[in-house]
Each structure stands twice: as C-alpha cells, then as structure tokens.
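Engineer: Model the following, please.
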Amino acid sequence: LSPIASVSANSYKDTSLISEETYYYAVTAVDRYNNEDKSVISVKGIVDDTTAPQPVTGVTVTPLPYEESLSISWNQNNEPDFSHYNIYRASSPGVLIKSISDKTVTSYKDTNLTGGKTYHYTVTSVDKSGNENINVNAVSGTVVDLEAPIVTITSPIDKTYNTKTINLQYTINEPTAWCV
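Structural biologist: Predicted structure coming up:
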C-alpha cells in the first residue's frame, strides 16, 4: 500500500477510478508527535461497471410494401455483458417503443404507422449494469402511403352548358404527382 492522500477530515473521496477495477484502502492516523499505527487492515472497494457498450452499428430502416409498417434492422452486439437493445422512435424527442433482450434478434417491425409519414429511429445497446450508449445517430424511413388521394370535383355541375368548352375544377386532399 502506498499513501494516496493526507487529510485532516475523517473522510476522503477517491476520484478518477477505472471501471470494474478493485482498489484496496487502509487508514492510519498520525498524532501530533508523529506516532503512527501501521498495523491496520486493508479493505477493498470495487468500482461498478460504468462503461457503456459500443454503439449499435448498421442500423437501417426499410419501408414494407403494401403495409403501413417499417422494418428496423441492425448488426448484432457481441459484448459479453450484453443485456438488451432499446429501440426509440422519434418525431422529437425519442420515445422508447421496444426493448429486446435476445442478442440474436437484430430486427424489429414497427406497425400501425401513418402512411406517407417519416419516422426516426435509434437503436442502443444496454449492458447488464444498465449502461446504455446513447451516442448514436438516428436513421429515418418513410412509411408507404396506401391511401388513394380523394378528388372532389367542384365544377362543372350537372347541367347543360351552352359553350364548346367546360372548365373542370377540383380539389385534392393531398399532394399528387399528376391527375388523369
């Protein structure tokens, strides 16, 4: 054992310790005549796991044809202290929508979404100590729009026109690429 500090108080806070390391401590007292009892017993302290897992990689979001759903997939986490994945969906801020504890499951189908809407996802790993790597980028996907636009014709009205032209006017409930 080597001295780490000399203090006049009856407590000491050891900082800048390393995650999952064991530290041994002993306390001796020195009186004003410089007498010191060195026959103390050391005690140990173990720093808990405070290191977050590596960020999840390979996250993709894919629209599913003929469904108002998105498929989220990612690369498997192979760390030995893996606990689960968290999947967040965001418009802003992110909301936890699913936790998956099987490390071999590397995809999730998010269902009952709104067609034509873009959703943003982040996938994180959490270890057995509860550390979560939140320094991940969001990946987005847009749900297939399965609803046909609604056209409302406002002119002509049902009558006979005394002209060689009829002006057709209509409204559409959403942006369209073209009309027939």
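
Engineer: And the residue nearest to residue 73 when sequence neighbours are not counted, how far from residue 156?
Structural biologist: Nearest non-adjacent residue to residue 73, counting by CB to CB, 6 or more residues apart in numbering: residue 107, 4.1 Å away. Every residue, glycine included, has its C-beta placed from N, CA and C. From residue 107 across to residue 156, the span is 52 Å (CB to CB, to the nearest Å).

Engineer: same thing with residue 78?
Structural biologist: Residue 78 sits at a distance of 68 Å from residue 156 (criterion: CB to CB).

Engineer: and these two? which has more neighbours close in?
Structural biologist: Per other CB atoms under 10 Å, whichever of residue 78 and residue 156 has more neighbours is residue 156, with 12 against 8.

Engineer: Next one: the residue lying closest to the more buried one once chain neighbours are set aside from residue 153, what distance?
Structural biologist: Excluding the flanking residues, the one nearest residue 156 by CB to CB, 6+ apart is residue 166, at 5.0 Å. According to CB to CB, residue 166 and residue 153 sit 11 Å apart.

Engineer: and residue 67, what element?
Structural biologist: Using DSSP states H and E, residue 67 maps to neither a helix nor a strand.

Engineer: pLDDT value on the nearest residue to it once chain neighbours are set aside, please?
Structural biologist: Leaving aside its chain neighbours, residue 67 sits nearest to residue 144 (6.8 Å; criterion: CB to CB, 6+ apart). Residue 144 is assigned a pLDDT of 92 by the prediction.

Engineer: tell me the centre residue of the chain?
Structural biologist: The centre of the chain sits closest to residue 122, judged by CA atoms, centre = their mean, with a distance of 3.9 Å.

Engineer: does it belong to a helix or a strand, and which?
Structural biologist: Counting by DSSP H and E, residue 122 is found in strand 118-127.

Engineer: Now do the buried residues in that strand.
Structural biologist: 119, 120, 121, 122, 123, 124, 125, 126, 127 (16 or more other CB atoms under 10 Å).

Engineer: which residues pair with the third one across the strands?
Structural biologist: Beta bridges link residue 121 to residue 89, residue 139 when assigned by DSSP bridges.

Engineer: Could you do the last one as well?
Structural biologist: Note on residue 127: beta-bridge partners residue 82, judged by DSSP bridges.

Engineer: all strands for this structure, in order.
Structural biologist: Per DSSP state E, the chain carries strands over the ranges 22-25, 43-46, 60-63, 70-73, 82-90, 94-100, 107-110, 118-127, 139-142, 151-155, 169-172.
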